[in-house]
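> Sequence plus the predicted model coming up.
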Amino acid sequence: MTATGLQLAIVSGALVGFGVALLVWRLAPADPDLGDALQRLSPEHAKRRSVEATHTASDTRERLGVWGMKTLPAGAWGTIPVKELAILRIPISRYYGEKIMFALLGLAIPPLLTTFFTLLGARLPIFIPAVATLGLATVMFFLPNYNVRDDAKKAREEFSRALGGYIDFVALERNSGAGPRQAMEVAADVGDSWVFRRLSEELARTRWSGLTPWDALHGLALELGLPELDDLADIMRLSGEEGAQIYRSLRARSSGMRSAMLATEKGKANEVGEKMSIPMSLLGVIFLAILVAPALLRVIGGTT
């Protein structure tokens with residue numbers, strides 16, 4: 001089936017109109033986002049920039065992301081998962097680069113499939129690959145958003161599990177007579193996972209930044225979206241500023257976190273058990289049908 005002149009005219013007009021729309025969008029003056037501008041002036045943004053500076057732009061994704069940040073308008077990226085990128089320690093340039101690479105992959109797949117089908121002798125109307133190309137590119141452009149949020153959810157769960165152990169270590173250090181700062185730093189040096197390293201880096205930064213350790217943990221909790229870490233910062237603030245005895249409070253907090261995680265795991269196990277009950281019920285119904293079918297057929301055969 002060959003493309004008619006009308007189909008070619010429609011597709012050509014659509015491509016020309018799309019190009020003109022992109023040109024107008026690029027040249028039109030854009031109003032700056034006030035929230036984005038204030039976020040760029042915040043200390044948290046400066047800290048993220050220092051982390052990104054440690055990554056070289058040798059990666060293709062980062063180079064592509066840097067080009068996209070300079071070329072494409074800010075509104076084209078949609079909502080940026082800032083907290084998710086912060087907990088995964090992914091530079092925003094790499095995140096932008098992944099979105100562009102996924103979009104380019106979506107642009108390339110439909111033409112390749114169309115060429116393959118054409119070689120097999122199956123000719124498709126030209127508007128089908130055109131629509132499929134734009135649709136797949138759009139879907140794959142937003143696919144990294146889902147990947148980042150899913151990975152960040154797993155990272156937060158791992159952080160919560162490790163934080164329970166960290167709180168116990170801090171409680172033991174405080175019970176042995178260590179000061180608030182010393183207890184937090186020594187407890188952070190015990191583990192070798194990325195959670196303990198992240199806490200150790202944040203506490204070490206407070207020695208020259210002028211912040212107290214609990215204020216640093218409070219800022220880290222807001223940056224990463226971790227309310228459990230914010231609770232620990234509040235407890236340590238009571239110990240550092242008011243000299244309160246916090247051993248029981250820390251142990252109660254770690255016990256509460258473990259109970260909450262256990263309840264979550266039990267909920268997941270119940271969901272899996274409910275899903276498994278469906279095929280088991282179907283197997284039971286099939287087994288009963290096999291047992292009843294011969295007798296039912298004999299009764300039907302005897303009545304006819």
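Perfect, thanks for sending it.

> Where does the prediction get shaky in the stretch 101-250 of the chain?
241-244 (pLDDT under 70).

> where along it do the helices fall?
Assigned by DSSP state H, counting those that start in this stretch, the helices in the stretch 101-250 of the chain fall at 127-141, 143-175, 180-188, 194-209, 213-224, 227-242, 247-303.

> tell me the contacts of the residue positioned nearest the centre of the chain?
Nearest to the geometric centre of the chain sits R149, at 1.7 Å (C-alpha atoms, centre = their mean). By C-beta atoms under 8 Å, 6 or more residues apart in numbering, the contact set of R149 is P81, E84. In this view, the C-beta of every residue, glycine as well, is placed from N, C-alpha and C.

> that older thread, so which of the helices of the stretch 101-250 of the chain comes closest to I90?
I90 lies closest to helix 143-175 among these, at 7.1 Å (C-beta to C-beta).

> Next, the angle helix 180-188 makes with the closest one.
120 degrees (axes from the mean of the first three to the mean of the last three C-alpha atoms, to 10 degrees).

> what's the angle between helix 143-175 and helix 247-303?
130 degrees.

> neighbours around R181, how many?
Look at R181: counted by other C-beta atoms under 10 Å, it has 16 neighbours.

> Check V131 too.
Around V131 there are 14 residues (other C-beta under 10 Å).

> do the one 5 residues further on as well
Burial measure for L136: 18 neighbouring residues, criterion other C-beta under 10 Å.

> Can you give me the distance of it to V148?
As judged by C-beta to C-beta, to the nearest Å, L136 and V148 stand 20 Å apart.

> From the chain's centre, how far out is stretch 96-113? Work that out for me.
20 Å (C-alpha atoms, centre = their mean, to the nearest Å).

> ok, and what's touching that stretch?
59-66, 68-69, 77, 129, 132-133, 136-144.

> Pull it out as CSV, backbone CA atoms only.
C-alpha atoms of stretch 96-113 as CSV (Å, rounded to 0.1, in the frame of the first residue of the first chain):
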residue,chain,number,x,y,z
TYR,A,96,18.5,15.6,31.6
GLY,A,97,20.9,13.6,29.4
GLU,A,98,19.0,10.3,30.1
LYS,A,99,15.7,12.0,29.2
ILE,A,100,17.2,13.2,25.9
MET,A,101,18.7,9.8,25.1
PHE,A,102,15.5,8.0,25.8
ALA,A,103,13.6,10.5,23.6
LEU,A,104,16.1,10.0,20.8
LEU,A,105,15.7,6.2,21.2
GLY,A,106,11.9,6.7,20.9
LEU,A,107,12.4,8.7,17.7
ALA,A,108,14.5,6.0,16.2
ILE,A,109,12.5,2.8,16.9
PRO,A,110,9.4,3.4,14.8
PRO,A,111,11.3,4.3,11.6
LEU,A,112,13.5,1.2,12.0
LEU,A,113,10.5,-1.0,12.4
